[in-house]
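Novice: can't give you the sequence, but here's the structure:
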């Protein structure tokens, strides 16, 4: 993008690479456009003849903008996106080519399904899988070194119909919650509502480091996070990086990132420095859950590409550096009707807003009832290192409501209904020239994993590298299940209107234990949560078992989101992914220790010994006690490191002999992970003792402060 662009840069470039509503109206006949909008908004089937017209228009638009290929862009269970490019080229004769793209090619693709994670859904020799056009998420053009490619968002399923991706269950869950929410609203008299959309905004945290420094560390290259490293003298203690002035190099990256995102119709809104040195955040304006998920996948891909253009590396790992903040992905979630009403907006009188209170109660009940599933949705190997400290929420699921709503809940529990709400007050800042500011009715709680923030819930547990499809699929599904139960009660009530208060009271009474407005980081909360019976699931392996919990299977099957077979496959995929991630990390640690750290320490202790011998030879009376003490301590740590390498190698070799699945994953988390920590300890200590010139890799200070 040229720097000379005028002040209308956003409006000039926004959505220019998207086959959006405006473009569809320009390229499609009116009847075709209306048929496509009907499919998008109401879920009606798209006739084949309409698909052909859409495909032709999409091709013409793509060709006009320089595209040579198209791809069905999908999201397999790897957590990243996948694509296979086909050119628009077709053969009319031996000597003449034509450019073509049919409705059939738009609607269905056939990538190889055998090489993607399937958890047993597909055998290795069973290759066939299908991608199906998701017309609710607009096609877009991606420009890079390969040229311009038309990307068509698709779902990915097996030959036998099971979901092999993250998008299909999300779409199912969106239909489920729309169905149940609409059902409840109709029973409350709001019969004009035809559909309820899930509105999502995913804040994205990330680190930027110099690419030369990145390429010197095998742990960052192979694992995305540092497996060794001690903190520099200064970390984030002074909080001077948070919201600080953005340095030139990072600012240049952010400018180009915004322009890339805006051209793809991604509503990039906020950018700032985060708490840790080298850490930043980007936040978008909300979209429907499906589009927000697609956009967040693009955000992560584009961040990495743009960073490399600026000779930096974008780290999306949840805990790339020990001792400073990890990176999360705050998933902001709410429900909005097709009439424009936010069902989680309290309004001026929340105590008298029956619809709001009922949907708020449904979310509270769902989060309490299915807390392990929410924890599971935020489980990945990297997030295990992040949760529980340094600005990350604890592994215990709880809900923060704030003072105003907590007071309303207490009124309902005492009296059956609420009669008033605490009002927001004006702030007295004490400076006459400053304007009067009306503060919000409640404060925010940064230690809560699931916090109400005005007119939405913010799920703060999600890891920065993760797809938000999983968390939103869980949220949609569990709330839909509770709403289904509420609808059934209202349908069986003689007077649904009078039954609402009783339902709200009874559900809040049954699930109030999950509400907690205090410090989620405190040890006291861990003890209190245990007394309340709230689960504390410490790692991904423990969380994965809930895929196979009968209560969870029944809920998913009730809502048509997952079948038992699909859940069993996802459990296997999770166990396998964890084991493979830990295996790669263990082997990387062994390699770095044996090929880099231990040789460097040997060179250092050898130089120390030579120094002692030379000084003693030159001056027998000289005091060399300092050198000897350092030599002895380094030698002790060197021996500890050598022993730890052998122990880790042995543990890892045993782990890979175990049968793949739960047994192997449990061995990795219970035996291999402690062996990794045991190896890291002496080497991190040695880093603070060995001559910096001899240390083989960039230190934390080099990477975090010298960008």
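Specialist: Looks like it came in fine. Treat the numbers as computed from the prediction; the structure is a model and nothing was measured.
Novice: Quick check: closest non-adjacent residue to residue 372.
Specialist: Spatially, and ignoring its direct neighbours in sequence, residue 372 is nearest to residue 546 (4.3 Å; Cβ to Cβ, 6 or more residues apart in numbering). Where C-beta positions appear, they are placed from N, C-alpha and C, glycine not excepted.
Novice: Quick check: that neighbour vs residue 472, distance?
Specialist: 17 Å (Cβ to Cβ, to the nearest Å).
Novice: Compare these two and say which one has the larger neighbour count.
Specialist: Of the pair residue 546 and residue 472, residue 472 is the one with more neighbours under other Cβ atoms under 10 Å, namely 28 against 23.
Novice: who does the helix or strand that contains the more buried one touch, helix- and strand-wise?
Specialist: Using DSSP states H and E, residue 472 sits in helix 469-492. In terms of contacts (3 or more Cβ pairs under 8 Å, 6 or more residues apart in numbering; DSSP states H and E), helix 469-492 is packed against helix 167-187, strand 196-202, helix 289-309, strand 331-337, helix 354-369, helix 371-377, helix 496-511, helix 550-559.
Novice: show me the contacts for the residue nearest to residue 372.
Specialist: Contacts for residue 546 (Cβ atoms under 8 Å, 6 or more residues apart in numbering) come out as 372, 373, 375, 376, 552.
Novice: of all those, which two lie farthest apart?
Specialist: 375 and 552 (11.8 Å; Cβ to Cβ).
Novice: For the helix holding residue 472, buried residues please.
Specialist: Neighbour counts over helix 469-492 (16 or more other Cβ atoms under 10 Å) mark 469-487, 489-490 as buried.
Novice: For residue 47, which non-adjacent residue is closest in space?
Specialist: Nearest residue to residue 47 in three dimensions, chain neighbours excluded: residue 35, at 7.0 Å (Cβ to Cβ, 6+ apart).
Novice: So which residue is smack in the middle of this protein?
Specialist: Closest residue to the average C-alpha location of the chain: residue 466 at 3.4 Å, with Cα atoms, centre = their mean.
Novice: So that residue: helix, strand or coil?
Specialist: Here residue 466 is recorded as coil under DSSP: H, G, I helix; E, B strand; the rest coil.
Novice: Let me know the pLDDT of it.
Specialist: Residue 466 carries a pLDDT value of 96.
Novice: could you measure it against residue 236, distance?
Specialist: 23 Å.
Novice: Low-confidence stretches in the stretch 301-450 of the chain?
Specialist: 388-393, 424-445 (pLDDT under 70).
Novice: all strands in it, in order from the N-terminus.
Specialist: 312-315, 331-337, 399-400, 426-427, 437-438, 450-452 (DSSP state E, counting those that start in this stretch).
Novice: before we move on, what about the stretch 1-150 of the chain?
Specialist: Under DSSP E, counting those that start in this stretch, the stretch 1-150 of the chain gives strands at 67-73, 85-87, 89-93, 96-99, 108-109, 129-133, 140-144, 147-158.
Novice: Redo those as TSV? Include mean neighbour count and distance to residue 296.
Specialist: Formatted as TSV, these follow (neighbours: other Cβ atoms under 10 Å; distance: least, Cβ to Cβ, whole Å):
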stretch	mean neighbour count	distance to residue 296
strand 67-73	22	14
strand 85-87	14	23
strand 89-93	10	33
strand 96-99	10	33
strand 108-109	18	23
strand 129-133	22	20
strand 140-144	18	14
strand 147-158	23	13
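Novice: From residue 46, how far out is residue 61?
Specialist: 18 Å.
Novice: Same check on residue 624?
Specialist: Residue 624 is 84 Å from residue 46, by Cβ to Cβ.
Novice: got it, and residue 334?
Specialist: From residue 334 to residue 46 the distance is 29 Å (Cβ to Cβ).
Novice: Those two: which is more packed in?
Specialist: residue 334 (22 against 18).
Novice: For the more buried one, which non-adjacent residue is spatially closest?
Specialist: Going by Cβ to Cβ, 6+ apart, residue 334 has residue 456 as its nearest residue, at 3.8 Å.
Novice: Kindly report the same for residue 616.
Specialist: For residue 616, ignoring the flanking residues on the chain, the nearest one in space by Cβ to Cβ, 6+ apart is residue 624 at 6.1 Å.
Novice: In this structure that neighbour contacts residue 617, no?
Specialist: No. With contact defined as Cβ atoms under 8 Å, residue 624 does not count as touching residue 617 (10.8 Å).
Novice: Looking at these two, which is more packed in?
Specialist: The residue with more neighbours, out of residue 624 and residue 617, is residue 624; 16 against 9, by other Cβ under 10 Å.
Novice: give me every residue that touches residue 557.
Specialist: 563, 564.
Novice: check contacts around residue 34.
Specialist: By Cβ under 8 Å, 6+ apart, no residues touch residue 34.
Novice: Buried ones in the host helix or strand of residue 220, by neighbour count?
Specialist: For residue 220, the element it lies in under DSSP H and E is helix 218-223. Buried residues in helix 218-223, counted by 16+ other Cβ under 10 Å: 218, 219, 220, 223.
Novice: helices and strands around it, which ones?
Specialist: Here helix 218-223 touches helix 564-592, going by 3+ Cβ pairs under 8 Å, 6+ apart.
Novice: looking only at pLDDT, what's the mean for the helix or strand following the helix it packs on?
Specialist: Later in the chain than helix 564-592, the nearest helix or strand by DSSP H and E is helix 598-618. Averaging pLDDT along helix 598-618 yields 94.
Novice: Show me what the helix or strand just after helix 598-618 packs onto, helices and strands only.
Specialist: Once helix 598-618 ends, the next helix or strand along the chain (criterion: DSSP H and E) is helix 625-655. Judged by 3+ Cβ pairs under 8 Å, 6+ apart, helix 625-655 is in contact with helix 564-592, helix 598-618, helix 662-667, helix 673-687.
Novice: Just the buried residues of the longest one, please?
Specialist: It stands for helix 564-592. Those would be 566-583, 585-590, 592, for helix 564-592 by 16+ other Cβ under 10 Å.
Novice: Same question for the second one.
Specialist: Along helix 598-618, the positions that meet the burial threshold by neighbour count (16+ other Cβ under 10 Å) are 598, 600, 601, 604, 605, 608, 612.
Novice: Taking helix 673-687 as reference, get the angle to it.
Specialist: 40 degrees (axes from the mean of the first three to the mean of the last three Cα atoms, to 10 degrees).
Novice: what sits up against helix 598-618?
Specialist: Helix 598-618 has contacts (Cβ under 8 Å, 6+ apart) with 622, 624, 627-628, 630-631, 634-635, 637-638, 641-642, 645, 686, 690-691, 694-696.
Novice: cool, the last one as well?
Specialist: By Cβ under 8 Å, 6+ apart, the surrounding residues in contact with helix 673-687 are 227-230, 582, 585-586, 589-590, 593, 597, 601, 634, 637-638, 640-641, 644-645, 647-648, 651-652, 695, 699.
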